[in-house]
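**Q** here's my sequence, what's the structure:
(chains A, B and C)
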Amino acid sequence: MFGSLLIILLTLSVLGFYLGRQKAFVVAGGKRSQLHSRPLYHGLYVAALVGIPTLLLSLIWVFLQRPVIDALLLQSLDPKAITGLSIAELSLLKSEIKSVAQGAIFGDPKPIVIEAADRLNHWREIANWAMVATCIAIGLIVLIATRSKIARLFRARERVEHLLDLLMIAASVLAILTTFGIVVSLTIESLRFFDRIPFFEFIFGLNWEPQIPIREGQVTGGGAFGAIPVYVGTFLIALIAMLVAIPIGLMAAIYLSEYASRKMRAIVKPLLEILAGIPTVVYGFFAVLIVAPAMRNFGAMLGVEIAPNSALAAGAVMGIMLIPFISSFSDDAISAVPRSLREGAYGLGATKSETIIDVLLPAALPGIASGILLAVSRAIGETMIVVMAAGIIATLTFNPLAPVTTVTVQIVTLLIGDSEFDNPKTLAAFALGLTLFLLTLALNVFALRIVRKYREQYD
Amino acid sequence: MTDILDHQIAERDKLANPRHDWASDNARRRIKRRYGRDRLLRIFGLGAVITALMLLAILIASLTYTGYVAFYTTKVKVEIFLDPQKIDRENPGKTKYRKMTKQAFNAYFPEVKNRKDKRNLSKILSSGAQYIVRDYVVSHPELIGQTVSLNLPLSDPFDQLQKGVIPRRIDAPGKNSGKNDGNGEKMLNPRFKSEKVLVWFDTLVARDMLSSPFSWELFVNADSRFPELAGLAGAFTGSLLALLVCFLISFPVGIAAAIYLEEFAPKNRFTDFVEVNINNLAAVPSVVFGLLALAVFINFFGLPRSVPLVGGMALALMTLPTIIVSTRAALKAVPPSIREAALGVGASRHEVVLHHVLPLAMPGILTGTIIGLAQALGETAPLLLIGMNAFIPSIENLGLMEPATALPTQIFAWGDSPERGFVSRTSAAILVLIGFLVMMNLVAIYLRQKFERKW
Amino acid sequence: MSEKAMNMNVETPKEPVNAMNFQLPKELQVKVKTRDVNVHYGEKQALFDINLDVPANHVVSLIGPSGCGKSTYLRCLNRMNDIIDIARVSGQIELDGVDIYDKNIDVVELRARVGMVFQKPNPFPKSIFDNVAYGPRIHGLADNKTELEEIVVTSLQKAGLFDEVKDRLKDSGTGLSGGQQQRLCIARAIATKPEVILMDEPASALDPIATAVIEELIDELRQNFTIIIVTHSMQQAARISQYTAFFHLGYLVEVGDTEQIFTNPVDRRTQDYITGRFG
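**A** The predicted structure is shown next:
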């Protein structure tokens, strides 16, 4: 239905283009130079005014239709039949009605369900036809109205350009909308979570056992939502990752920017970029397949027990992933140090290492520091490596050989396979997501501020 | 008096003649030490570069090593009589071929009579073999009543055994299991049901019935519970659809936003805010985009879970900053003289951008877009959260609004599976994914080099 | 700096153009001696067979239109061209009779003996004290803190900066004015007790007053150091140097007594340049 409506609207818009252009030819009467704007713009003007509003209307209609009909459906149900039902039961009823409406009937639905399903189908049909009719009617009216406006001195080009401006602004605003969407959706779900679990228990609690019963009679843990162990695990893994990535990345950057020949740089840099372009799920599999077993065997050789999903393995692999990140940031920062400083040091007879350590690194420090901050933010937000290689159980430990869990692991495990939005287990994922978002946002803003300050220093 | 003067002259000379004795032992030693430190830093740097490259090599090598075996499948040649009495000629697709396939295979071992043995024997053959027979009959109905010879895949343990991935025997878990001195007690690998199956397997090898053709299954099949039959076609289609949605949204929106910010936007707090937003979005963890998609697209707007439309929309929001940033860079690289020339002949500012600046910037924009799409192709976490890791055993019902899986989520799913065969399948899938990424990046590099202009 | 040198447009003139061999007065000690020096940047030749003797404790200015190779020549004398990958230097350059491009010569020692002051003041983002102390520190010229302080103070005094900064030696060197920064760089250069100081248009980024201070300083430094200075300004060359060399298109066209060069040049090109016909 929606697809064919789109095609109709598109056709209408194209029709508008030709009619508008043809009208422009007519009013020009063969003297096209007398028109303010070229006929093309007249056509575009009509097409845009016909196409854009109807398209928007139909999109909004489609998105709003479902929630509106759902609400109406719920109201139309016999109040007696639904009093005393919990939210979960209500949503179960709703989905039963919907599947019956689609013709998938299992067992013996209650008459109230069948009746509601019929009503649902009926309303949906009405709504669909109403949408089509409204959109086409509006499109036609607009077409006729705008076409009649076309005249010799009608400033179609300016109108079209104005519309273009609006479209471009709308596109730019999408970036804000996305941030807004993230903040609002995470906040709303988190607030619902804090309705059930006290805020301070979440922030300061030392126990994380989100496996609460979803259905009655399910045997699970008690259900505790203290995020401290999860965050300790996250930071432990991030710390290990940085211990791997910073020395290797920084040293590699120093070598590549100051010691390596041009040819070697040309070969090594793209290779490091490959390391940066490998999807994280691949690193996760690499950790499980190679790194964790290797560490385990190595530990066994030394007589140390290393868990198969130790923080060490996950952190080390995450570190490998971040090496190119750190090295390219550091390389950029070192290369950005003005040549005159480098020459000043060499001119005094400093060796390469003295120039690097005494002059280049201090001058590049802000850039390197902000790169490291961004890398930390990545390490904290990185998901797939830890989902595959780290643990699920939250234990409050600083031991890198033990399994720990992270914020992202918890978000994924809490949400996989469970989409009901009304139990604390699901909502906890959003609370974790909100803290994760705020934490990485703070790190990013801080890092960008350092970079900006540093740029001013040398410009 | 003269003494003081002499002293003053000597003092002055000390400054006036500030020759440092570079030939002294002290100075030599010092310079040597300084060069030693320099060498040390150089060695550390080179060591870091080599370490990074080695890690890359280990990563690729280990994936290739475990993955290459998945590019061929061990198959056994079986002659099957397509019994016209058992096959429904009108509807050959509905017939059950399981028994027929099993019997045809077991016929090679007439000595096996015991029911339990028979069952174990038939397990050498893949459980999916019957469907291959079925598909063959469906596409060749004229052969019903004849005997055909088909190459049927072996089941996973035997496939892996033939490829040399798993051993026949393993160290028995005993007192000295930790030490691998070769004398430890060996036991049958528990993946094999009995010693007999290995004997039968060896018979197949001795009779030269096994072959190892290229595994087209890996590319044309959809997912399967049996690793020897699992393929990437479903995941590939899902990724393609999601990327299509991602491209259709992020490309026009990204370009429009970039043009506005670069060419038209006044410098004010609003545009500053937009820019800060874009910079920050680029660094938001991908899992947060998954949460956004879950909360807004699925929960609020009621779109279905697991579908490429939602996945593509989430990926589009993530790709948008990349495209905006690279488009702005490409627009910036077009010299102002072009703009001035076009303005000079009376073009409007929009015409300048649309007719001159944008076409000149297009190679740069496309390069950035391809790199953004390559990132999106490898992105896993948001797809996982919106459930785009569905089990898709057939590629018939794929669409924008149908449940689907994608390449990276397929890798995640296979990487989590216990069967040994899925390890090599996962590695092979990774190699395919990396192959795609390398190809996309090569195209981007080609575009950049071909159309790069020096102004 | 080097970019400028690399981009310069070198054409091969038709006639032989290098200067007749100019003889320094016999009583002068030759500090830097160059014979047949050629410099290539990749495919481009930047200097052609340069022969030049620099006497000790004198100021020699190198003049010529931009891109003529004077900076390139200057950068050969302490092997700063080594930093540029594509630069290739051939010929003989001697410091006190020793070939500085010899394998056994250590660039670190060489650059300590042949200091350099650059066109744009380039103090390190460190304190004033640390800027001056940097050279002595790395070369181990001071045995203890007192000696180091002494060197810093003397160098700042010689650079004529001490009185202006004595209360804020701990402040950053980048916070000084342009002229002060350049004098700081000169103090930094003389703190390593070099024998020769190369100056690459040291006053070009400064205002006239700061320039006058620097010029006065150069004249004083002549007592203790041999100074080779590249300058844009002919007036400056005339004011501060005893000898002047005129470069043109990579060739050393004329060398001589500064007064003679400016009053009675031998070569027509020198004359044209000095009278402002090109430049």
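
**Q** name the nearest residue to residue 76, sequence neighbours excluded.
**A** No chain was given, so I picked chain A. Leaving aside its sequence neighbours, A:Ser76 sits nearest to A:Arg119 (Cβ to Cβ, 6 or more residues apart in numbering or on different chains; 6.3 Å). Where you see a C-beta, it was placed from the backbone N, CA and C, and this is true even at glycine.

**Q** meant chain C, my bad for not saying
**A** C:Val89 (5.5 Å).

**Q** is it true that that neighbour lies in a strand?
**A** Yes. According to DSSP: H, G, I helix; E, B strand; the rest coil, C:Val89 belongs to a strand.

**Q** could you give the number of residues near it?
**A** Close neighbours of C:Val89, defined as other Cβ atoms under 10 Å in any protein chain shown, add up to 18.

**Q** so it touches C:Asn81, yeah?
**A** Yes. Counting by Cβ atoms under 8 Å, C:Val89 does reach C:Asn81; the two are 5.8 Å apart.

**Q** what is in contact with these two at once?
**A** Common contact partners of C:Val89 and C:Asn81 (Cβ atoms under 8 Å, 6 or more residues apart in numbering or on different chains): C:Val39.

**Q** chain center to stretch A:258-269, what's the gap?
**A** The chain centroid and the centroid of stretch A:258-269 are separated by 36 Å under Cα atoms, centre = their mean, to the nearest Å.

**Q** in that stretch, what counts as buried?
**A** A:Glu258, A:Tyr259, A:Ala260, A:Val268, A:Lys269 (16 or more other Cβ atoms under 10 Å in any protein chain shown).

**Q** outside of it, which residues touch it?
**A** So stretch A:258-269 is contacted by A:Leu256, A:Ile334, A:Lys352, A:Thr355, A:Ile356, A:Leu360, B:Arg42, B:Gly45, B:Leu46, B:Val49, B:Leu53, C:Asp85 (Cβ under 8 Å, 6+ apart).

**Q** neighbour count, pLDDT and secondary structure for the residues you listed - can I get that in TSV?
**A** Listed next are the contacts of stretch A:258-269 as TSV, based on neighbours: other Cβ atoms under 10 Å in any protein chain shown; pLDDT from 0 to 100; DSSP: H, G, I helix; E, B strand; the rest coil:
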residue	neighbour count	pLDDT	secondary structure
A:Leu256	24	94	helix
A:Ile334	22	93	helix
A:Lys352	22	92	helix
A:Thr355	23	94	helix
A:Ile356	25	95	helix
A:Leu360	22	93	helix
B:Arg42	18	95	helix
B:Gly45	23	96	helix
B:Leu46	17	96	helix
B:Val49	24	96	helix
B:Leu53	17	95	helix
C:Asp85	10	79	coil
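
**Q** of all the residues you listed, which comes closest to C:Leu28?
**A** A:Thr355 (35.5 Å; Cβ to Cβ).

**Q** list the contacts for the closest one?
**A** A:Glu258, A:Arg342, A:Ala345, A:Tyr346.

**Q** tell me which of those is nearest to chain B?
**A** A:Glu258 (7.8 Å; Cβ to the nearest Cβ).

**Q** tell me if the closest one really is in a helix.
**A** Yes. Secondary structure of A:Glu258 (three-state DSSP): part of a helix.

**Q** distance of it from A:Leu35?
**A** According to Cβ to Cβ, to the nearest Å, A:Glu258 stands 64 Å off from A:Leu35.
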